[in-house]
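Engineer: Predicted coordinates and the sequence they were generated for:
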Amino acid sequence: MSARRVLACLVIVAALSFPALGMSKGPGAYNANDELTVKYGCTCHNNGAPSDRAVVMVTGVPLMYETSEQYQLTIRVADSLSLSGGEGNTHAGFLISSDSIGNFTWSEEQEIRYAEGRTDDASHSDPSGDGIWEIIWNSPSEDVGSVQFWIAGNSVDGGGIPDDMDYWNILSFSINSPGTITTDESGATLETRTISVGTYDSLFLIEVSEGQLEQERQDALSHRVFSQGNIFYWTSLTALIIGAVVQREILERKYDDGPDFLASELAYPQAFRRFIVSAISFYLAVGWANSDTPLRFQDVDFTDFATGTAFFISAWAAYGIYRTILASRSEPEVKDVM
């Protein structure tokens, strides 16, 4: 009796293992319901239900085919959670069909085989770690109208058995027949497309943990403190400088004092140099303030700092011109004419 139970268990385990082993070497052309897998999907993974977490993507798809041409298609299948940086499934497989119109070929290093039960279709021969395959579609030798394609993609957890942690999806697209798009239509016949299936949320959003949210909050807080600290520091420094200058002007007028006498042969070159500095700094400041291109150094944006500094230098040089004029108009003292 014990031997019978052991034998029965082994039979059950073997029966459960067959689908997993079969899928690991590429899916069959027909599912358990005797329907085309590439069109109706898998009946074993994820309880037979498609999932938008399985992202199926193909690039290099022409808008229109020419007869007897080769088109290289790059197929990618992945878990959207993994694509967005999360810890999702890392193994994948695919099955592609063009309903026997044209045929598929591939290079020897690609882990691809013809589908079991339908040799015009192609699938993976071993689950891929990167989920990327390059396959060539050879178009038919004559115009047969538009060609419909189907790609079934499966993103699996690598557990060895089909379960609800494996996700599959189906991508369908068509290629127009020869002559339906003319070369006058913006060169559209030379363009290729990237086509994918998967919802926006599953493609681009990821659940964020409490720790990540707190880290983002701390980063934003530190950035705000740093930015506001810089604003307060430079504003205070500028206010102190302006206050010192105003105080100096008030005291000079109160005590009838002023800058030392400066002869005209020295005053003119000095005023000219300060004018050049003021004009160039003002020009740079206005240009940086109106530019859409930030000034960056080691990934830090210095646009506001550089603009403010240039405006300050321009104003300081302009004030220097004013002081030069005052000095040239001052009455010379004995020490100035000796």
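Structural biologist: That came in fine, so what should we check first?

Engineer: Do me a favour and average the pLDDT over stretch 258-278.
Structural biologist: Stretch 258-278 shows a mean pLDDT of 88.

Engineer: So for that stretch, what gets flagged as buried?
Structural biologist: 261-262, 267, 270-271, 274, 277-278 (16 or more other Cβ atoms under 10 Å). Quick note: C-beta positions are derived from backbone N, CA and C, even for glycine.

Engineer: mind checking the longest helix of this protein?
Structural biologist: helix 210-254 (DSSP state H).

Engineer: Quick one: list the elements packing against that helix.
Structural biologist: helix 303-329 (3 or more Cβ pairs under 8 Å, 6 or more residues apart in numbering; DSSP states H and E).

Engineer: Show me where the stretch 51-200 of the chain has its strands.
Structural biologist: 54-62, 70-79, 91-97, 103-105, 112-114, 122-124, 132-138, 147-156, 167-175, 192-197 (DSSP state E, counting those that start in this stretch).

Engineer: rewinding a little: could you tell me the angle between the longest helix of the chain and helix 303-329?
Structural biologist: Helix 210-254 runs at 10 degrees relative to helix 303-329, counting by axes from the mean of the first three to the mean of the last three Cα atoms, to 10 degrees.

Engineer: pLDDT of helix 210-254, averaged?
Structural biologist: Average pLDDT, helix 210-254: 85.

Engineer: Could you do stretch 75-90 as well?
Structural biologist: If you average the pLDDT values across stretch 75-90, you get 83.

Engineer: residues of it that come out buried?
Structural biologist: Neighbour-count burial for stretch 75-90 flags 75-84, 88-90 (criterion: 16+ other Cβ under 10 Å).

Engineer: Same question for stretch 107-126.
Structural biologist: Across stretch 107-126, burial judged by 16+ other Cβ under 10 Å covers 110, 112, 114-115, 118, 121-125.

Engineer: Quick one: which of the residues you listed has the lowest pLDDT value?
Structural biologist: In terms of pLDDT, the lowest of the buried residues of stretch 107-126 is Ser125, showing 84.

Engineer: Which residue lies closest in space to that residue, excluding its sequence neighbours?
Structural biologist: Arg113 (4.1 Å; Cβ to Cβ, 6 or more residues apart in numbering).

Engineer: Identify the bridge partners of the one you found.
Structural biologist: Counting by DSSP bridges, Arg113 is bridged to Ser123.

Engineer: how far away is it from Ser227?
Structural biologist: 58 Å (Cβ to Cβ, to the nearest Å).

Engineer: next helix or strand past the longest helix of the chain?
Structural biologist: helix 264-289 (DSSP states H and E).

Engineer: Trp168 - how many residues pack around it?
Structural biologist: Neighbour count for Trp168, taken as other Cβ atoms under 10 Å: 29.

Engineer: need the contact list for the nearest residue to it once chain neighbours are set aside.
Structural biologist: The shortest distance from Trp168 to any non-neighbouring residue, by Cβ to Cβ, 6+ apart, is to Asn154 (4.3 Å). Applying Cβ atoms under 8 Å, 6 or more residues apart in numbering, we find Asn154 in contact with 23, 27, 42, 45, 54, 77, 92-94, 166-168.

Engineer: Kindly recompute the last result at 10 Å.
Structural biologist: Neighbour list for Asn154: 23, 27, 37, 41-42, 44-46, 51, 54, 56, 77, 89, 91-95, 123-124, 127, 131, 162, 166-169 [criterion: Cβ atoms under 10 Å, 6 or more residues apart in numbering].

Engineer: And Arg193, by the same measure?
Structural biologist: Contacts of Arg193 (Cβ under 10 Å, 6+ apart): 58-63, 173, 175.

Engineer: Isn't Ile231 up against Leu237?
Structural biologist: No: using Cβ atoms under 10 Å, Ile231 is not in contact with Leu237, being 11.1 Å away.
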